[in-house]
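>>> With the input below, show me the fold.
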Amino acid sequence: MKVKVLSRNPDDYVRETKYDIQRVPRNYDPSLHPFEVNREYTRALNATKLDRVFAKPFLASLDGHRDGVNCMAKHTTRLSSLLSGSCDGELKIWNLTKRECVRTIQAHEGFVRGIVVRFCGTSFFSVGDDKTIKQWKMQCPEFGEEEEPLNTILGKTVFTGLDHHRQEGVFATCGQQVDIWDEQRSSPIRSFTWGVDSFSCVRFNPVETELLASCASDRSIVLYDMREATPLKKVVMTMRSNTLCWNPMEAYYFTCANEDYNLYTYDMRNLEQPVMVHMDHVSAVLDIDFSPTGKEFVSASFDKTIRIFPKNGGHSREVYHTKRMQHVICIKWSADNKYILSGSDEMNIRLWKANASEKLGVLAHRERAATNYNQKLKEKFQHHPQIKRIARHRHLPKTVYHQSKELRVMREARRRKERNVRKHSKPGSVPVTTEREKHVVTVVK
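Residues are numbered from 1 along each chain as shown. Now for the predicted structure:
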């Protein structure tokens, strides 16, 4: 009697691994998997819960300054280098890999107001309350060599901000006016004023490198072109903007950090109203920096928290805080898109993960595949109520929680009053004003 059987050679489908994990052939026909969605939902729910369990964003604290950290700068060519300036005029260069200070310079008398690294990374500039611009070598001085600046320019007024061109030996400063400087000259090659007392920050556009923008004390944001003799245009807002940052991937967009607790993203081609209003902070926003991808930005606030916003989202996806961290004055997003650095006025620089639950270090192939699979599941089911609730939940400091609750009540009261006025007025006499239109006073060209 002959019995016919199916036989397969295991070498065709068994992987050669040290664990002898057998590769099981799988049929993806949906009719064979009637409970696939249920199973995936459960996996997405578990992945979301584990995401919150493993969310430990704080990595390290760089301690060494003797006064509040007032400004920071990233190195243009090295990921592991960070420069920071404090309120006592001290400037430090940090090695982030070793988490230690490699060089300390007593650069200025009074506050260090701005630091920027030259586009090639060989030197850096600093400005301070002592009305000087100083250029320093990036390399440490030789044994026995004095720590002296390469070049010192004495200005007429205090400089409050500084930025460097991305491709040329040109940098910009701001104070009572916006000045464009050539590195080879001791006087500005161009100066811009527009009837303003002072400017708090100036930033070059990283894409359209001839453009720059500044925040002024008359609540305005002014746009300039280096090739023109006069400023291009300005938008006046209801409250003052502290600083701004250009989107590194979309040339026309910039986001400004305002005193009214919000951030505003503008398209420079149409300044009549912001593209997006980003709300969540409960105190003045002091600094902002975009991620290298241009999809997100991080903001630092006087309310002692750091928030990460999507570029087109009105609310933050993440909030970072610690018990000891005080008012966060400056913030930077690392060039590899993995870390965030914050400087606060209790003399500490803190290192955070950009993705709170991300596992650092080398991942095995199967581990990476599992992470990607879980990420896709979370995206697929992100709008389901239970998953959405768990993903959005954050513990806030008590003061921030109560202030945000109070701000919500105040906003709702204002809306209710507006509705009542409109209801009891002549039709059309009280126009509907959107949230975006409320904050722009005028645009001057």
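>>> which residues of the stretch 51-200 of the chain score low on pLDDT?
Nowhere does the stretch 51-200 of the chain drop to pLDDT under 70.
>>> Could I get the full set of strands for it?
Using DSSP state E, counting those that start in this stretch, the strands of the stretch 51-200 of the chain run over residues 58-63, 69-74, 81-86, 90-95, 100-106, 112-117, 123-128, 132-137, 151-154, 161-164, 170-174, 178-182, 190-192, 199-204.
>>> Could I get the ones you listed in JSON lines, plus columns for mean neighbour count and distance to residue 321?
From N, CA and C alone the C-beta is placed, and that goes for glycine too. JSON lines is the format used below for these (neighbours: other C-beta atoms under 10 Å; distance: least, C-beta to C-beta, whole Å):
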{"stretch": "strand 58-63", "mean neighbour count": "14", "distance to residue 321": "9"}
{"stretch": "strand 69-74", "mean neighbour count": "23", "distance to residue 321": "17"}
{"stretch": "strand 81-86", "mean neighbour count": "24", "distance to residue 321": "20"}
{"stretch": "strand 90-95", "mean neighbour count": "20", "distance to residue 321": "22"}
{"stretch": "strand 100-106", "mean neighbour count": "14", "distance to residue 321": "25"}
{"stretch": "strand 112-117", "mean neighbour count": "24", "distance to residue 321": "25"}
{"stretch": "strand 123-128", "mean neighbour count": "24", "distance to residue 321": "30"}
{"stretch": "strand 132-137", "mean neighbour count": "19", "distance to residue 321": "34"}
{"stretch": "strand 151-154", "mean neighbour count": "13", "distance to residue 321": "40"}
{"stretch": "strand 161-164", "mean neighbour count": "22", "distance to residue 321": "27"}
{"stretch": "strand 170-174", "mean neighbour count": "24", "distance to residue 321": "31"}
{"stretch": "strand 178-182", "mean neighbour count": "21", "distance to residue 321": "35"}
{"stretch": "strand 190-192", "mean neighbour count": "18", "distance to residue 321": "38"}
{"stretch": "strand 199-204", "mean neighbour count": "24", "distance to residue 321": "25"}
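>>> Switch those over to JSON lines; also include distance to residue 418.
What follows is these, written out as JSON lines (distance: least, C-beta to C-beta, whole Å):
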{"stretch": "strand 58-63", "distance to residue 418": "42"}
{"stretch": "strand 69-74", "distance to residue 418": "40"}
{"stretch": "strand 81-86", "distance to residue 418": "45"}
{"stretch": "strand 90-95", "distance to residue 418": "50"}
{"stretch": "strand 100-106", "distance to residue 418": "53"}
{"stretch": "strand 112-117", "distance to residue 418": "41"}
{"stretch": "strand 123-128", "distance to residue 418": "45"}
{"stretch": "strand 132-137", "distance to residue 418": "49"}
{"stretch": "strand 151-154", "distance to residue 418": "52"}
{"stretch": "strand 161-164", "distance to residue 418": "37"}
{"stretch": "strand 170-174", "distance to residue 418": "38"}
{"stretch": "strand 178-182", "distance to residue 418": "38"}
{"stretch": "strand 190-192", "distance to residue 418": "39"}
{"stretch": "strand 199-204", "distance to residue 418": "32"}
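>>> and residue 323, which of those is closest to it?
strand 58-63 (11.0 Å; C-beta to C-beta).
>>> name the helices or strands packed onto that closest one?
Identification of packing neighbours for strand 58-63 by 3 or more C-beta pairs under 8 Å, 6 or more residues apart in numbering; DSSP states H and E yields strand 348-353.
>>> average model confidence for the strand it packs on?
The average pLDDT within strand 348-353 is 96.
>>> do the same with stretch 407-418
94.
>>> For it, which outside residues touch it?
261, 282, 430 (C-beta atoms under 8 Å, 6 or more residues apart in numbering).
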